[in-house]
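Asks: quick one, structure for this:
(one chain, ligands or ions: 1)
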Amino acid sequence: MSDKLKQAQQAFDSRQKDVNEEYRPKYHLSVPAGWLNDPNGFGFFKGKCQLFYQYHPYDTVWGPMHWGHWTSENLIDWKQEPVAMAPDCAYDAAGCFSGTAIEEDGRYWIMYTGVIDEPSTGRTPQHQCLAWTDDGIHVEKAAENPVVGLEQTPEGICPYDFRDPKLERIGDHYRIVVAAKINNEGNVLSYSSPDLKHWTYDGVYAAGFGEMAECPDCFEIDGRRVLVSSIMACKDESLVLPQPVVYMIGYEKDGKFCAQTPMRDIDRGLDFYAPQTCLAPDGRRLLIGWAHAWGCETPMHKLGHGWTGTMTLMRECWIKNDSLYQRPIREIESRRRNEAVRENLLIEKKMQLDECSGPCREMILDIDVSETDSFGICLMETGEECVVLSYNRQAGKLTIDRSASGYSLTKEDAGLSKTRATADVSVYGDMLSLRVFVDVSIIEVYVNHGERVLTCQAFPKGKAYGVSASACGKAIIKRLVSYEIV
Ligand code: FRU
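Replies: Reported below is the predicted structural model:
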């Protein structure tokens, strides 16, 4: 074990004792101490789900990247594993950036980005590296690293923006697609290899993703290809966030992705980035993302809480009506307690929904909106603060707004963070269906059985357990089912 990895492990162990748990979600995965960003190496190995993550052990802001690691046998209970990788080689001394993994012949193969430290220029060029684990705990890096160098890239590449390989097995060979900035445009490049060590550049897989197509993910559902990417400097204003995570559905031809749908946001909330997917042994396509947006900052850093970084719920996704649908994996239902059901609630003015109050909840609402202009739910209410979820019937929009809740997430210098996000939503037979998860400092809203998702963090200053509904006109909550989630 390298000194850097040992040191990181010590920090991992010792810093957990000093964290403040005030904003720690209960049923969302969050980093025990330090900083977390992207999910990495998400997949299954020897029957266990593997979830690595971008990890900085020494601070609650981004820094030299390590890989942290969790495993799970049931997708609900997660075991903290030792720190998996540290930036301890010349080819990754400035960071082990994001990557992916697959199981092959009893080995879990990882492709990740090694970032080089170039003190003479102060710059950090990037290239692709190989690693593996045989026991699902200890990770070994390949002696041949880097296995894809900058000399294998097309002209016009920015050497500091070549990262995030997504590894797949395709027929008798391996393939990675990698994000690259070429002539200032976000591209996804494709490489193939017979043995994971020798790679050939195959060309541009897809292009036109703002200035950078971070964390490309591609996979097949129902014989169709889906391409996902987290875009930097996106120029498309129809997308929710300045750094949106988009997907397109299409097919592959001659090693290129051909889109059949426009780019659409996967999640229309304020906090969602760098998702990865994998195929579960039972055939489900699972997805998990970092519940955060670059340019935002949680209060835990300034408050000295000792940790920051939360994942979304694990979701299952599928294609319907040419769109990507998502719902939380069904395993989450095993954590439901104390079911409360109410029917035919007429909402004309503000009404407290006491059965929904509490820090860790799930609520399922079927709302008849035929006689209402707008309908709203206040979540995480204290009396002075709340996060507002509001539906405007004429506009056909659902908005989540955290501007009246607790700490601001706006970073002074960034200008990337927003306080509200809006999604277009349909109603079916006058009914709007919402499934809302509240977990201490994170909210996920699933609309119309997976048609839309909005994820949003909030950090209330008070004990924000209240929930209320209100309407302009008349709304009828036909059925409300609420659970405590433990
Ligand atoms: C996305 C990202 C990746 C990179 C990693 C570094 O959030 O910027 O492109 O590999 O984070 O931590």
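
Asks: packing partners for the lengthiest helix in the chain?
Replies: As assigned by DSSP state H, the longest helix anywhere in the chain is helix 3-15. In terms of contacts (3 or more Cβ pairs under 8 Å, 6 or more residues apart in numbering; DSSP states H and E), helix 3-15 is packed against strand 34-45. In this view, the C-beta of every residue, glycine as well, is placed from N, C-alpha and C.

Asks: mind listing residues that contact the next helix or strand after the strand it packs on?
Replies: Proceeding C-terminally, strand 34-45 gives way to strand 48-56 as the next helix or strand, assigned by DSSP states H and E. With contact meaning Cβ atoms under 8 Å, 6 or more residues apart in numbering, strand 48-56 is reached by 29, 31, 34-44, 62-73, 75, 78, 83-84, 97-98, 101, 108, 110, 136, 280, 288, 309, 311.

Asks: and the angle for the helix or strand following strand 48-56 with strand 48-56?
Replies: Using DSSP H and E, the helix or strand that follows strand 48-56 in sequence is strand 66-72. Strand 66-72 and strand 48-56 are oriented at 150 degrees to each other (axes from the mean of the first three to the mean of the last three Cα atoms, to 10 degrees).

Asks: strand 66-72 near the ligand at all?
Replies: No: using Cβ under 6 Å from any ligand atom, strand 66-72 stays clear of the ligand, coming no nearer than 9.9 Å.

Asks: what angle sits between that strand and helix 3-15?
Replies: 60 degrees.

Asks: I'd like the average pLDDT over strand 66-72.
Replies: Taken as a whole, strand 66-72 has a mean pLDDT of 98.

Asks: just give me the residue right at the centre of this structure.
Replies: With distances taken as Cα atoms, centre = their mean, the residue of the chain nearest its centroid is residue 289 (1.4 Å).

Asks: find the nearest non-adjacent residue to it, please.
Replies: Excluding the flanking residues, the one nearest residue 289 by Cβ to Cβ, 6 or more residues apart in numbering is residue 275, at 3.5 Å.

Asks: got the contact list for the one you found?
Replies: Residue 275 neighbours (Cβ under 8 Å, 6+ apart): 39, 215, 217, 228, 230, 245, 266, 287-290, 312.

Asks: go through those and flag which are in strands.
Replies: 39, 215, 217, 228, 230, 245, 287-290 (DSSP state E).

Asks: where's the residue nearest to residue 289, which helix or strand?
Replies: Here residue 275 is assigned to strand 273-279, by DSSP H and E.

Asks: what's the angle between that strand and strand 34-45?
Replies: Using the same axes, to 10 degrees, strand 273-279 lies at 20 degrees relative to strand 34-45.

Asks: quick check: buried residues in strand 273-279?
Replies: For strand 273-279, burial by neighbour count (16 or more other Cβ atoms under 10 Å) applies to 273-278.

Asks: ok, stretch 88-96 next?
Replies: Within stretch 88-96, the residues that qualify as buried are 88-89, 91-96, counting by 16+ other Cβ under 10 Å.

Asks: swap in stretch 401-420?
Replies: For stretch 401-420, by 16+ other Cβ under 10 Å, it's 401-402, 404-407, 409-410, 417-420.

Asks: just to revisit the earlier point, ok, the buried residues of stretch 88-96 vs residue 461, which is closest?
Replies: Closest to residue 461 out of the buried residues of stretch 88-96 is residue 95 (34.4 Å), distances taken as Cβ to Cβ.

Asks: coming back round to it: tell me the strands beside the strand holding residue 275, with direction?
Replies: For strand 273-279, the paired strands and their directions (DSSP bridges) read strand 285-290 (antiparallel).

Asks: export the partner strand to CSV, keeping only CA atoms.
Replies: The C-alpha trace of strand 285-290 is given here as CSV (Å, rounded to 0.1, in the frame of the first residue of the first chain):
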residue,chain,number,x,y,z
ARG,A,285,-30.7,-0.4,-15.8
LEU,A,286,-29.7,1.4,-12.5
LEU,A,287,-28.6,5.0,-12.3
ILE,A,288,-27.1,7.1,-9.5
GLY,A,289,-25.8,10.7,-9.6
TRP,A,290,-24.1,13.2,-7.5
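
Asks: so what touches it?
Replies: If you take Cβ under 8 Å, 6+ apart as the criterion, strand 285-290 is touched by 36-39, 42, 51, 75, 219, 221, 245, 266-267, 272-280, 309-318, 326, 329, 455.

Asks: if any of these are buried, put those into a ChimeraX selection.
Replies: Command for ChimeraX that selects the buried part of the contacts of strand 285-290, burial taken from 16+ other Cβ under 10 Å:
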select :36,37,38,39,42,51,75,219,245,266,267,272,273,274,275,276,277,278,309,310,311,312,313,314,315,316,317,326,329,455
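
Asks: want to throw the buried residues of strand 273-279 into a markdown table with distance to residue 148 and pLDDT?
Replies: Listed next are the buried residues of strand 273-279 as a markdown table, based on distance: Cβ to Cβ, whole Å; pLDDT from 0 to 100:
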| residue | distance to residue 148 | pLDDT |
| --- | --- | --- |
| 273 | 24 | 97 |
| 274 | 20 | 98 |
| 275 | 23 | 98 |
| 276 | 19 | 98 |
| 277 | 22 | 98 |
| 278 | 22 | 98 |
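
Asks: of the residues you listed, list those near the ligand.
Replies: Answer for the buried residues of strand 273-279 near the ligand (Cβ under 6 Å from any ligand atom): 273-274.

Asks: and which of the buried residues of strand 273-279 is nearest residue 484?
Replies: residue 275 (27.3 Å).

Asks: which helices and strands does the helix or strand harbouring residue 111 pack with?
Replies: Assessed by DSSP H and E, residue 111 sits inside strand 107-115. Applying 3+ Cβ pairs under 8 Å, 6+ apart, one finds that strand 107-115 contacts strand 34-45, strand 95-104, strand 126-133, strand 157-170.

Asks: up against the ligand, what does the chain have?
Replies: 37-38, 54, 65, 97-98, 113, 163-164, 214-215, 273-274.

Asks: in these, find the pair that's most separated.
Replies: The largest separation in the residues of the chain next to the ligand, counting by Cβ to Cβ, is between 113 and 273 at 16.2 Å.

Asks: and the helices in this protein?
Replies: Secondary structure of the chain by DSSP H: the helices cover 3-15, 300-303.

Asks: off-centre distance for the shortest one?
Replies: Its chain's C-alpha centre lies 22 Å from the corresponding centre of helix 300-303 when counted by Cα atoms, centre = their mean, to the nearest Å.

Asks: show residues contacting that helix.
Replies: Against helix 300-303 from outside (Cβ under 8 Å, 6+ apart): 20, 23, 60-61, 306-308, 459.

Asks: circling back to that earlier point, export the ones in strands among the contacts of residue 275 to a markdown table and tack on pLDDT and distance to residue 255?
Replies: Below are those laid out as a markdown table (pLDDT from 0 to 100; distance: Cβ to Cβ, whole Å):
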| residue | pLDDT | distance to residue 255 |
| --- | --- | --- |
| 39 | 98 | 27 |
| 215 | 98 | 20 |
| 217 | 98 | 17 |
| 228 | 98 | 18 |
| 230 | 97 | 23 |
| 245 | 97 | 24 |
| 287 | 98 | 25 |
| 288 | 98 | 28 |
| 289 | 98 | 27 |
| 290 | 98 | 29 |
